[in-house]
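Peer 1: Okay, sequence plus prediction incoming.
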Amino acid sequence: MNSKIKNGYFNNYGGAYVPEMLVHALHEIEDEFNKAMKDKKFQKKFSELLKFFSGRPTPLIFAKNLTKHFGGAKLYFKNEGANHTGAHKITHCIGQALIARRLGKKELIAETGAGQHGVATATVAAKFGLKCKIFMGEVDIARQRPNVFFMEQLGAEVVSVSSGSKTLKDAVNEALKYWMANTEESYYVIGSVLGPHPYPLMNRTFQSIIGKEIKKQVKEKENSLPDFIVACVGGGSNAIGAFYDFIKNKRVKLVGVEAGGVGKKLGENAARKENGKLGIFQGYKSLFLQTNEGHIARTHSVAAGLDYPGMGPELAELSKKCRVELDSATDKEAIKAFQITAKFEGVIPALESSHALAYAYKILPKLSKDKIVVVNISGRGDKDLFNVTRAVNDQEFKKFLIEEIKRYEK
Amino acid sequence: MKNNLDQVIEKIKGRKNIGIMAHLVVGYPTLSFSRKIVIALVRGGADIIEIQIPFSDPMADGHLIVEACQQSLENGTKIKDSFELAKFVNKNLKTPIVLMTYANIIIHMGIEKFCIKCKKNCISGVIVPDLPYDSEEGKKLKKYTVKYRIHFIYVISPAIEKKRLQEIKKLASGFLYCTSRQGITGTGKQFSKNINSYLTRVRKNSLIPLAVGFGISSQKDVFLIRKHSDIAVAGSAVINLIKKNKTSKILAVISRFIYKLIK
């Protein structure tokens, strides 16, 4: 049942579909990663950075009020939002930056959608004294200015990408292109469990700390295994990170929640379960949203981190095997879950994570009281301030923005 | 296995000047104009025509070709249009056609079906930059291209690993497409510093013809690589001329451009 990797494939998914000019760079990373995994010094350094820089372990919070409110299963939050920079992303950035440093690279490059992975990469680059270039779609730059500002403060150069849909997938394209011309100096910090081998394996390995901690923490509090682990799935790094340690425990249900967006039609969501077809894109084989001619389709989600056409190959494989169940939540359901979570539990989740919460709130009342549901809150919601205030049409915030402009102009 | 591409390459080898493979994106600037562009390129002296099926996300291409693909798709270009253009060229000009596209277009259509369509439409070779020769689909494409007598043309670059180069040389058919540098397509960037030693290394113990592409936009560029290769590829430079010139001038300009590359 365990998703074993062979020649870079998780059964039929994965691989390394790149122009020949990237093959050597990928081999170099794969070899260094394998060496690092056997190197106690690397493990020690990685653990230390997670503990003293990122702030791990992240807490497992018993959501007492919501458990009571729904009157069914016990609800826990794994709060990855408590990490430095506000999401689980920092973990694989630290891991990859250590690999980059072992390889003697001078520059970290990365793509970013909402800016979270960009901020995490820029943070680690600053910490390690490396140069940093972040590729970001023009549309995302326009709607995520706060993160652009922070990346620049952290010393990164933010490169605006104006091709295609001008969002995350186009940023990945541009980062790959830059990398092709600069493999000697640069290391590409891919921000999820996707792209060519060894990235899906490497990032999952780094992120699997989430599931290990969940297992230990649930054992401490409940002296048992959880019954459900629920996580949102864009590329899938937080999901596979939370799931991986439980794959062999078949009684633990693993649920990935995709972006249901604003409708069922192609272009209105980012749900690969229903509309995804087997394809090869951005270096890996997996399920992709695509047109009937095989072009990569546009996607939509209120959560920028889920607004992407492909899914990590290992998750595609686990879903095919029915070890991971995929479901989806709409933009509206996610916003509602965001509000309920904040109000009842004092936790402001990211809109991405709110998709997982929305699913949990649907199933909780139907489950018996002895069941345990853990939702992985992949990030905190500060970054969504502008999106949420707009979505709920907050008039006071609008007034504040207008006043703020006036203060600027004084 | 030989097809009309091999015959043309034999002719090139027997003459003084190296050959020219001229590239175009199907449907850019419009579909009807694509036919005229091919005719103009052949009139200018192109020995081989490389036609690119536009893809939504061309990962090995620079901004000129990316924009051309985008515009073509916005014009509503379909995959069948590329096959029809190939057929038109074969019927009217006899110039060998090499079809270039990305893996997902082929996987989506089905590898064998794609090869059958190539065969039916007189395509001599296929280039798929994001499909490594040793991947499952790369092997499958190789199998069917052999079956239908089409060349699967591999793309290699200066940083290629020794072992992989040996393997590729053994499997290569038609010619090897050598990029002049690490990076993506586009004009105005320099060739790799080690281009001569790189091409010599590729040539060694192999009879496979070599094409060099990426950044070829003048006679001087062709001059630099002609000793160590058989074909120069003009891609982005042609697109650039199409983009920059008035519609009424494009055909004459690109014809002259190709002509001047070798004369």
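Peer 2: That came in fine, so what should we check first? Only a predicted model underlies this, so the values are computations on that prediction, with no experimental measurement involved.
Peer 1: Give the full set of residues in contact with residue A:362.
Peer 2: Residues counted as contacts of residue A:362 (C-beta atoms under 8 Å, 6 or more residues apart in numbering or on different chains): none. Using the backbone N, CA and C atoms, a C-beta is placed for each residue, glycine as well.
Peer 1: what ranges do the strands span in chain B?
Peer 2: Remark: strands assigned in chain B by DSSP state E are B:19-25, B:48-52, B:97-100, B:125-127, B:151-153, B:155-156, B:176-179, B:210-213, B:231-234.
Peer 1: how about a markdown table for the ones you listed, with mean neighbour count, mean pLDDT and distance to chain A added?
Peer 2: Compiled in a markdown table, the strands of chain B are given as follows (neighbours: other C-beta atoms under 10 Å in any protein chain shown; pLDDT from 0 to 100; distance: least, C-beta to the nearest C-beta, whole Å):
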| stretch | mean neighbour count | mean pLDDT | distance to chain A |
| --- | --- | --- | --- |
| strand B:19-25 | 27 | 97 | 14 |
| strand B:48-52 | 26 | 98 | 14 |
| strand B:97-100 | 26 | 98 | 12 |
| strand B:125-127 | 24 | 98 | 11 |
| strand B:151-153 | 23 | 98 | 12 |
| strand B:155-156 | 24 | 98 | 5 |
| strand B:176-179 | 27 | 97 | 7 |
| strand B:210-213 | 25 | 97 | 12 |
| strand B:231-234 | 26 | 97 | 15 |
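Peer 1: neighbours around the residue in the stretch 1-150 of chain A positioned nearest to chain B, how many?
Peer 2: Residue of the stretch 1-150 of chain A nearest chain B, by C-beta to the nearest C-beta: residue A:21 (3.7 Å). A count of nearby residues for residue A:21, using other C-beta atoms under 10 Å in any protein chain shown, gives 24.
Peer 1: Who's the closest spatial neighbour of it, skipping the chain neighbours?
Peer 2: residue B:157 (3.7 Å; C-beta to C-beta, 6 or more residues apart in numbering or on different chains).
Peer 1: what does residue B:150 give?
Peer 2: residue B:118 (5.2 Å).
Peer 1: Was I right to think that neighbour contacts residue B:126?
Peer 2: Yes. Judged on C-beta atoms under 8 Å, residue B:118 makes contact with residue B:126 at a distance of 6.3 Å.
Peer 1: what residues are shared contacts of the two?
Peer 2: Common neighbours of residue B:118 and residue B:126 (C-beta under 8 Å, 6+ apart) are B:99, B:145, B:150.
Peer 1: and the last one, what does it touch?
Peer 2: Spelled out, it's residue B:150. Residue B:150 sits next to B:3, B:115, B:118, B:119, B:123, B:124, B:125, B:126 when contact means C-beta under 8 Å, 6+ apart.
Peer 1: try 10 Å this time
Peer 2: B:1, B:3, B:5, B:98-99, B:114-116, B:118-119, B:122-126, B:141, B:144, B:173-174 (C-beta atoms under 10 Å, 6 or more residues apart in numbering or on different chains).
Peer 1: Of those residues, grab the buried ones for ChimeraX.
Peer 2: The following ChimeraX line selects those of those that are buried, judged by 16 or more other C-beta atoms under 10 Å in any protein chain shown:
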select /B:3,5,98,99,114,115,116,118,119,122,123,124,125,126,141,144,173,174
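Peer 1: Among the contacts of residue B:150, which lie within helices?
Peer 2: Judged by DSSP state H, the contacts of residue B:150 include B:5, B:114, B:115, B:116, B:118, B:119, B:141, B:144 as members of helices.
Peer 1: What distance do you get for the nearest residue to the second one once chain neighbours are set aside to residue B:118?
Peer 2: Counting by C-beta to C-beta, 6+ apart, residue B:106 is the residue found nearest to residue B:114 once chain neighbours are left out, at 4.8 Å. When C-beta to C-beta, to the nearest Å is the yardstick, residue B:106 and residue B:118 sit 10 Å from each other.
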